[in-house]
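J.: build the 3D model from these lines:
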Amino acid sequence: MAFLSTKPYKGTRDFYPSDMRIRNWMFQKLRETIQSFGYQEYDGPMLESFDLYAAKTGEEIVEQQLYWFLDKANRKMAIRPEMTPTLARMVSGKIHETPQPIRWYSVPNLWRYERPQRGRLREHWQLNVDVLGGDPLMADAEVLMVALEIMNSFGGQDKAVIRINHRKLVDFFFSEHLKLNSEISLRVTKLIDAKNKVSEEVFQKSLAELGLDQDKVNKLDQFFNASFEQIQKDFDCPGARELAELLDYLKQSGAEKQVVFDSSILRGLDYYTGTVFEVYDCSPENNRAMFGGGRYDNLVGLFGKNKLSGVGFGMGDVTLRNFLETHQLMPSEEPSVDVFVSLPHLDLREKAENLAKSLRSKSFKVMTPLEVGGFKNQLKLANKHGVRFVVLFGEDELKKGQLLVKELQTGNQEAVNEDQLVDYVTKKIRGV
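T.: Below you'll find the model as predicted:
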């Protein structure tokens, strides 16, 4: 008989309790930081119509990475690869009922069929933070500040930098200086966005195949190596002016040291229309883009007459954990259980249950053994679960109305009156 495999589907993960503790810790920290800016959490279905992504999601995602199927009514459905189209659909559905500007966030799990590698799996959880409405540049600045505050909340203030650019600036350069049409401009954009994944020879050959002669290639090279000061001088256009204003806003917020201009930040998805950015890990061991986003002005309009500009970013849990591990910012191991109430004899079960109930009423995490056992075996079980305190029923102590409370980390134990157990544990664990 062949046994079933114990391995999960390729590109997915099992979350054992130790992994879930870390994931919950990360997500809780993310939620606390984002909510401090006044954002509200939302969620949507994992299944959406295939058309939702085909309409505006990047071509690579739709044609190569999208998990899709026909349901029993022969409708073409997709498992969500990203959250922004769902957000646009939901906002459009209640656009007149929702206070604006809209500040929403979510932490859904997403699916993409791609080759699993460091920082990228087929299933992952992704924080999505978006602002719809408001002054576009002020909204851009706030979203960037949220991204920075998230990194800072994990202790990464000196370990990450935001690189920003503007699609209107790049579009102006392509159309006015290189005289490229919109189709070729988009293909060049995607080629530059993936430049680090191919050799220089392949990159140059691809540019030639798109019709760029040596003069245009030289101009391309000069543009993508120029400082922002030089860009402002040579390319006076709305994109450059908006970017300069955005940088001023970020300076006012005290973020100038963590934000830099980088003309190579383009973001491959078709729907970005303004500011684009990526957050980079500064460590040479993990020198890569961790997450990014940008302004998308046209998505809500796909669902009706109403138009509402938006800006946002998505950060995957895999790259965040890689960052935390690289910089040794992971949390210390916390006990998963506060108190273990032993059960040496069945006739003590009612007393043990009442003690456990009284401790749980004060929000302590309390475990019972679910079977009768001696001191040695139950202490061994408590140690395996990383319990901090064990309540033991000693015969001499019981005659005096007392319990033995043992702290496993130090080995110290004290006799405590039954009616003072909750106060004793509270003082030991919470210091009050």
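J.: show me the shaky parts of the stretch 201-350 of the chain.
T.: By pLDDT under 70, the weakly predicted segments of the stretch 201-350 of the chain are 268-270.
J.: helices of that one, residue ranges please.
T.: Ranges of helices in the stretch 201-350 of the chain, per DSSP state H, counting those that start in this stretch, are 214-223, 228-234, 238-252, 317-326, 349-360.
J.: any chance of the ones you listed in a markdown table, plus distance to residue 296 and mean neighbour count?
T.: Any C-beta I mention is one placed from the backbone N, CA and C, and that applies to glycine too. Converted to a markdown table, the helices of the stretch 201-350 of the chain look like this (distance: least, Cβ to Cβ, whole Å; neighbours: other Cβ atoms under 10 Å):
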| stretch | distance to residue 296 | mean neighbour count |
| --- | --- | --- |
| helix 214-223 | 24 | 14 |
| helix 228-234 | 23 | 15 |
| helix 238-252 | 15 | 17 |
| helix 317-326 | 21 | 19 |
| helix 349-360 | 47 | 15 |
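J.: show me what contacts residue 274?
T.: Counting by Cβ atoms under 8 Å, 6 or more residues apart in numbering, residue 274 makes contact with 136, 140, 166, 167, 168, 239, 242, 294, 295, 297, 311.
J.: give me the sheet partners of the lengthiest strand in the chain and which way each runs.
T.: In the chain, with assignment by DSSP state E, the single longest strand is strand 123-132. Strand pairing for strand 123-132, using DSSP bridges, gives strand 102-106 (antiparallel), strand 109-111 (antiparallel), strand 310-316 (antiparallel).
J.: which of these sits most buried?
T.: The highest average neighbour count among the strands paired with strand 123-132, using mean count of other Cβ atoms under 10 Å, belongs to strand 310-316 at a mean of 23.
J.: what's that one in contact with?
T.: The contact list for strand 310-316 (Cβ under 8 Å, 6+ apart) reads 82-84, 87-88, 119-120, 124-133, 136, 139-140, 143, 147, 150, 274-275, 277, 279, 290-297, 299-300.
J.: out of the residues you listed, which are buried?
T.: Among the contacts of strand 310-316, the ones that count as buried by 16 or more other Cβ atoms under 10 Å are 82-84, 87-88, 119, 124-133, 136, 139-140, 143, 147, 150, 274-275, 277, 279, 290-297, 299-300.
J.: still on that earlier bit, now the strands paired with strand 123-132 in TSV, with distance to residue 304?
T.: Formatted as TSV, the strands paired with strand 123-132 follow (distance: least, Cβ to Cβ, whole Å):
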stretch	distance to residue 304
strand 102-106	16
strand 109-111	26
strand 310-316	15
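J.: look up which residues are beta-bridged to residue 315.
T.: Using DSSP bridges, the bridge partners assigned to residue 315 are residue 127.
J.: my bad, should have said residue 296
T.: residue 310.
J.: what's the spacing between it and residue 130?
T.: Using Cβ to Cβ, to the nearest Å, residue 296 is found at 9 Å from residue 130.
J.: now for these two: what residues contact both?
T.: Common neighbours of residue 296 and residue 130, using Cβ under 8 Å, 6+ apart, are 84, 310, 311, 312.
J.: list just the nearest of these to residue 233.
T.: Nearest to residue 233 among the shared contacts of residue 296 and residue 130: residue 311, at 27.1 Å, using Cβ to Cβ.
J.: state the distance from that closest one to residue 84.
T.: Counting by Cβ to Cβ - residue 311 and residue 84 are separated by 11 Å.
J.: again with residue 95
T.: 16 Å.
J.: may I have the beta-bridge partners of the nearest residue to residue 355 once chain neighbours are set aside?
T.: In space, and not counting its chain neighbours, residue 355 is closest to residue 341: 5.4 Å by Cβ to Cβ, 6 or more residues apart in numbering. On the basis of DSSP bridges, residue 341 is bridged to residue 391.
J.: what about residue 341, neighbour count?
T.: Each residue near residue 341 was counted by other Cβ atoms under 10 Å, and the total is 26.
J.: equivalent analysis for residue 28, please.
T.: 10.
J.: returning to that earlier point: how far off helix 317-326 does the longest strand of the chain point, in degrees?
T.: Strand 123-132 and helix 317-326 are oriented at 100 degrees to each other (axes from the mean of the first three to the mean of the last three Cα atoms, to 10 degrees).
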